[in-house]
Every structure is written in structure tokens, then in C-alpha cells.
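Engineer: Here's a sequence, model it:
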Amino acid sequence: MNEIGNLLKKLRGIKSLRMIAELTNNQISHNQLSLLEKGEVYPKEKHLEILSKIYNYPYEKLLKTAGYPNKIEKIFKEFEELSEEEKRNFLNRINQL
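Structural biologist: Numbering: from 1, shown residues only. Model prediction:
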């Protein structure tokens with residue numbers, strides 16, 4: 001199992017996979033939960049967001065454990081990839097707010 005899988009299993013505790021699936025309004029199936037816990041699939045951000053609410057666990061910590069970059073780091077990285085003109089336009093729009 002991987003780190004995120006171990007954490008998800010720990011957070012689930014003694015509750016069944018089917019019970020957690022029902023708590024997600026079946027947005028995540030019990031089969032998908034099993035695969036996530038075993039590390040056989042990589043979790044989607046939206047699934048981690050749903051599970052963070054069910055488990056009352058910080059979403060950002062789940063993202064970090066799963067290997068997602070910090071959202072602020074991601075924004076800065078995306079900004080750095082813009083052309084100079086795109087950066088100027090972006091900053092001008094922010095200044096107009």
C-alpha cells in the first residue's frame with residue numbers, strides 16, 4: 001500500500017467501504033475506495049475533497065499525502081509558465097479588482 005492508501009484506510013477505521021461509498025452519495029464506489037486504499041489507482045482531487053469532508057480531515061493534508069503540489073505552489077508555477085504579455089494582462093486584471 002502507498003502512503004495515501006494507508007492514510008485513507010486509517011481514517012476509515014472500522015467502517016465498511018460500502019458505508020463510506022454511501023456517505024459519498026455513491027460519488028465514489030466501494031470498489032474505487034478499495035483500489036484507492038490498496039494504491040492501485042491514483043486519487044482524483046475531487047475524491048480527496050469528498051473524503052476530507054467525510055473523514056473530517058484537512059483536504060490540503062490529503063492532497064499533500066497523495067503527492068499533489070501545494071495549490072499556491074501550483075499557481076506560482078502556472079504563472080511562471082505564462083508569456084510576459086500574459087503575465088502583464090493577468091496582473092492588470094488583478095489590479096482592476
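Engineer: Can you name the helix or strand that residue 90 falls in?
Structural biologist: When elements are assigned from DSSP states H and E, residue 90 belongs to helix 84-96.
Engineer: For that helix, buried residues please.
Structural biologist: When neighbours are counted by 16 or more other C-beta atoms under 10 Å, no buried residue of helix 84-96 is found. For glycine as for every other residue, the C-beta is placed from the backbone atoms N, C-alpha and C.
Engineer: And stretch 4-20, by the same measure?
Structural biologist: Applying 16+ other C-beta under 10 Å to stretch 4-20 flags 4-5, 7-9, 11-12, 17, 20 as buried.
Engineer: Over to stretch 58-66?
Structural biologist: Buried, per 16+ other C-beta under 10 Å, within stretch 58-66: 62-63, 65-66.
Engineer: Repeat that for stretch 43-57.
Structural biologist: 43, 47-48, 50-52, 55, 57.
Engineer: And that stretch, how far out from the chain middle?
Structural biologist: When distances are taken as C-alpha atoms, centre = their mean, to the nearest Å, stretch 43-57 is centred 6 Å away from the chain's centroid.
Engineer: For that stretch, output the C-alpha coordinates as PDB.
Structural biologist: Extracted in PDB, the C-alpha atoms of stretch 43-57 (Å, rounded to 0.1, in the frame of the first residue of the first chain):
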ATOM      1  CA  PRO A  43      -6.800   9.500  -6.200                       C
ATOM      2  CA  LYS A  44      -8.600  12.300  -8.000                       C
ATOM      3  CA  GLU A  45      -8.600  15.700  -6.300                       C
ATOM      4  CA  LYS A  46     -12.400  15.800  -6.200                       C
ATOM      5  CA  HIS A  47     -12.400  12.400  -4.500                       C
ATOM      6  CA  LEU A  48      -9.900  13.600  -1.900                       C
ATOM      7  CA  GLU A  49     -12.100  16.700  -1.300                       C
ATOM      8  CA  ILE A  50     -15.200  14.500  -0.700                       C
ATOM      9  CA  LEU A  51     -13.300  12.100   1.600                       C
ATOM     10  CA  SER A  52     -11.800  15.000   3.600                       C
ATOM     11  CA  LYS A  53     -15.300  16.100   4.500                       C
ATOM     12  CA  ILE A  54     -16.500  12.600   5.400                       C
ATOM     13  CA  TYR A  55     -13.400  11.900   7.500                       C
ATOM     14  CA  ASN A  56     -13.200  15.400   8.900                       C
ATOM     15  CA  TYR A  57      -9.600  15.600   7.800                       C
END
